[in-house]
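K.L.:
have a look at this prediction, sequence included:
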There are 2 protein chains.
Amino acid sequence: MSKKGTRRHASGGPTMADLAQLAGVSKITVSRALGDSPLVNPETRERIQALACEHGYKLNISARNLRLRRSHTVAVIVEMKPSTDRTMFDPYPLVLLGGISQELTAAGYSVLLTTRQGASAAAVQAADGLILLGQGAHQDAVRRFDKLNLPMVVWGAQSASDTHVVVGSDNRLGGAVVARHFIALGRRRPVFIGNPSHPEIFERLNGFIDALAVRGIKPLLMRRDEFTMDSGMDAVRSLNERKVGFDAIFACNDLLAMGAIRATLDLGRSVPADVSVVGYDDMPLGASFLPPLSSVRQDWQEGGMLLARKVLALIEGEPASSESLPVSLILRST
Amino acid sequence: MSKKGTRRHASGGPTMADLAQLAGVSKITVSRALGDSPLVNPETRERIQALACEHGYKLNISARNLRLRRSHTVAVIVEMKPSTDRTMFDPYPLVLLGGISQELTAAGYSVLLTTRQGASAAAVQAADGLILLGQGAHQDAVRRFDKLNLPMVVWGAQSASDTHVVVGSDNRLGGAVVARHFIALGRRRPVFIGNPSHPEIFERLNGFIDALAVRGIKPLLMRRDEFTMDSGMDAVRSLNERKVGFDAIFACNDLLAMGAIRATLDLGRSVPADVSVVGYDDMPLGASFLPPLSSVRQDWQEGGMLLARKVLALIEGEPASSESLPVSLILRST
DNA sequence: CGGTATCAAGATACCGATAACATTTGATGC
DNA sequence: GCATCAAATGTTATCGGTATCTTGATACCG
């Protein structure tokens, strides 16, 4: 019905060719005009821009990506098991994502969200860069994505053998800070609750141990795999049953800490008079807990932004190095 | 140096044309072979696939998207304010995302994550469909994205004026279920704590009010804007100061409920003997709370999956209608 | 006035994949 | 032996932009 040049395509709006015909110029001039290139006459440019606006022109991103050979997209691969696992129910990964998203968006990039399973799903290859999240995302996963040969940045704990860029909060420091706090309080029998098979937790434990060693103190490790209050309560009860003495608890997560506090109180001991407790993550909830919980805070948002900045740097061909974010000890009543 | 046909491109691997030359066939045959088309000889297919694998061939997604005029991508637009806002720190939106991601991935689609600000960032237009998340995402936002003319599905509360597909959990039912529970317990002076300016909360309140009205009961509304324990405690204290009697509390969020319980206990009243309390969301934490919290549970994961299925249907040109997800009342000790 | 900058716009050639149509080849049928 | 058909592969055009190289017109200079 309508002529070739003015027809609308199935997927919707007019193309540059259509606009070109409407304006009586060539495609390339339209391209330049819309790109604010100085190569077009300002008058022509405005005329074309007005026309584009009027006809609801939308740039075809796929076409541009093909020609420019870059997608302005960064794939974020998240460990998301649909189980009662930590990652999924913790609010923090979301904050991390928020930081990433904010920074990438500001730079004109988009975020392609992928779970590990779906990571093969084609689209990832089209990304200009890769961000790997999730504590499980190590070695095996890293190698898998290394093959894609894309600029890649990983969130997590660093290890000497890493060939890629790793950003993470300084878990070792987190452990050390708590240790020094306990030392200052004169505590002699500290306990660590958590699962050191996660690299991050392992680092916290190491920082804790090393800083305590300065005073010749050796902490007791209560390994617990779940990051729940129940698990924390269980750990303390178990200590009691085994008649192990303790005067300080460092839990690698706030929920564990709260559980530990409750169990400790149940045993008739006072927090913090008899036992000092420090958690990790500084959940908003912790401040309202009774007694208000002391905790180690990491700046997840900043972490996300840093991750984003690193990939962007790599994409631009600039160098980028691994980096640890500082943490801070928030002292409340425990 | 190397010949035209066998050269590697800047962005990396070989193209179909390269493979074609290596195999001594034409591009299209390669395309068919890699797509497992029945139009190629099985032998040829395997030979080409082996070749592709050996040379690390990667499909150029942009090119395919351009040609096929679809990106196999759905944009998810999330309200993500970098403030102490609810959305960002609640774990649930993440679960929603998980459900979406899982379902889309299974269908061979990718998820393009965008914040509302960045939603103009080009790439969204390339998506085949749109999912809008976040309680603030209404009317204004919806209209804005409507212009893109893409299949769109919104998470949230339905309203009669909606022209688009809305999926959400049945908040009205959630309120009604709690009301009926209170009635069964013989409660006469129920209180609702929450902020009804959020459409979802408004629905919960309405369901609550209507179901109570059957017995001629009118609940008291304690409007509180923050979704924190402190806010819940404050609400109950304020009730006490104003000498308002109450024997049941429906808090529109578990944290509010926990705060309310604590304040109630502080006043020397018993839960649940004197006052029944029900929260919303059924946080894992609620089960470990003392006393274990009763709560209304929504299946966020399922919600995400449903959202995904609806957009996919729309993308395929099939019809899709708004839908509410059932909720369940989890009774514990309160 | 010839010659060179400078500016605006066009022509052409891709980017890498795939759909639609065309061709070759060998097998089968009568 | 020739027509017919199916299988396997090839040709060509196209998706919608943009880089590169040209061209044409005007201005400027000595």
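P.N.:
Done, it's in.
K.L.:
how about the residues of the stretch 201-334 of chain A by chain B?
P.N.:
A:Thr228, A:Met229, A:Asp230, A:Met233, A:Leu255, A:Gly259, A:Arg262, A:Pro284, A:Leu285, A:Ser288, A:Leu290, A:Gln301 (C-beta under 8 Å from any C-beta of the partner chain). Bear in mind the C-beta positions are built from the backbone N, C-alpha and C, glycine included.
K.L.:
packing partners of the helix or strand encompassing the third one?
P.N.:
When elements are defined using DSSP states H and E, A:Asp230 is found to belong to helix A:229-241. Applying 3 or more C-beta pairs under 8 Å, 6 or more residues apart in numbering or on different chains; DSSP states H and E, one finds that helix A:229-241 contacts strand A:190-194, strand A:220-223, helix A:254-266, helix B:284-288.
K.L.:
do you know which of the ones you listed lies nearest B:Gln21?
P.N.:
Among the helices and strands packed on helix A:229-241, the nearest to B:Gln21 by C-beta to C-beta is strand A:190-194 (56.7 Å).
K.L.:
that closest one and chain B in contact?
P.N.:
No. For a cut-off given as C-beta under 8 Å from any C-beta, strand A:190-194 has no contacts with chain B; the smallest distance is 15.3 Å.
K.L.:
what angle do the helix or strand just after that strand and strand A:190-194 make?
P.N.:
Remark: after strand A:190-194, the chain's next helix or strand is helix A:199-213, criterion DSSP H and E. Per axes from the mean of the first three to the mean of the last three C-alpha atoms, to 10 degrees, the angle that helix A:199-213 makes with strand A:190-194 is 170 degrees.
K.L.:
ok, residues contacting helix A:199-213?
P.N.:
Helix A:199-213 is contacted by residues A:135, A:138, A:156-157, A:159, A:168, A:171-180, A:182-183, A:190, A:192, A:194-196, A:218-219, A:221, A:250, A:252, A:280 when judged by C-beta atoms under 8 Å, 6 or more residues apart in numbering or on different chains.
K.L.:
how about the residues of the stretch 51-200 of chain A by DNA strand D?
P.N.:
For the stretch 51-200 of chain A, the contact set with DNA strand D under C-beta under 7 Å from any atom of the strand comprises A:Tyr57, A:Lys58, A:Leu59, A:Asn60, A:Ala63, A:Arg64, A:Leu66, A:Arg67, A:Leu68.
K.L.:
redo that, cut-off 10 Å
P.N.:
Within the stretch 51-200 of chain A, the residues that sit near DNA strand D (C-beta under 10 Å from any atom of the strand) are A:52, A:57-69.
K.L.:
write the PyMOL selection for whichever of those residues are buried.
P.N.:
Restricted to buried positions by 16 or more other C-beta atoms under 10 Å in any protein chain shown, the PyMOL selection for those reads:
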select buried, chain A and resi 52+57+58+59+60+61+62+63+64+65+66
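K.L.:
which of the residues of the stretch 51-200 of chain A next to DNA strand D lies closest to A:Ile330?
P.N.:
Using C-beta to C-beta, these come closest to A:Ile330 at A:Ile61, 44.2 Å.
K.L.:
what about stretch A:16-33, near chain B?
P.N.:
No. Using C-beta under 8 Å from any C-beta, stretch A:16-33 stays clear of chain B, with a minimum separation of 13.4 Å.
K.L.:
and A:Ile48, helix, strand or coil?
P.N.:
helix (DSSP: H, G, I helix; E, B strand; the rest coil).
K.L.:
how about it, what does it touch?
P.N.:
A:Leu19, A:Ala23, A:Val25, A:Thr29, A:Val30, A:Ala33, A:Leu34, A:Val40.
K.L.:
widest-spaced pair of those residues?
P.N.:
It's A:Leu19 and A:Val40 that sit farthest apart of the contacts of A:Ile48, by C-beta to C-beta, at 13.1 Å.
K.L.:
quick revisit: quick check on the contacts of helix A:199-213: which are buried?
P.N.:
Neighbour counting with 16+ other C-beta under 10 Å marks A:135, A:138, A:156-157, A:168, A:171-180, A:182-183, A:190, A:192, A:194-196, A:219, A:250, A:252, A:280 as buried within the contacts of helix A:199-213.
K.L.:
what pLDDT does the nearest residue to A:Gly245 once chain neighbours are set aside get?
P.N.:
Leaving out its chain neighbours, the residue that sits closest to A:Gly245 by C-beta to C-beta, 6 or more residues apart in numbering or on different chains is A:Arg189, at 5.4 Å. Note for A:Arg189: predicted pLDDT of 96.
K.L.:
up against DNA strand C, what does the stretch 101-250 of chain A have?
P.N.:
So the stretch 101-250 of chain A meets DNA strand C at A:Ala122, A:Gln125 (C-beta under 10 Å from any atom of the strand).
K.L.:
what helices or strands is the one helix or strand A:Ala179 maps to leaning on?
P.N.:
A:Ala179 belongs to helix A:171-184 when elements are defined using DSSP H and E. Secondary-structure packing of helix A:171-184 (3+ C-beta pairs under 8 Å, 6+ apart): helix A:199-213, strand A:248-251, strand A:276-280, strand A:294-298, strand A:327-330.
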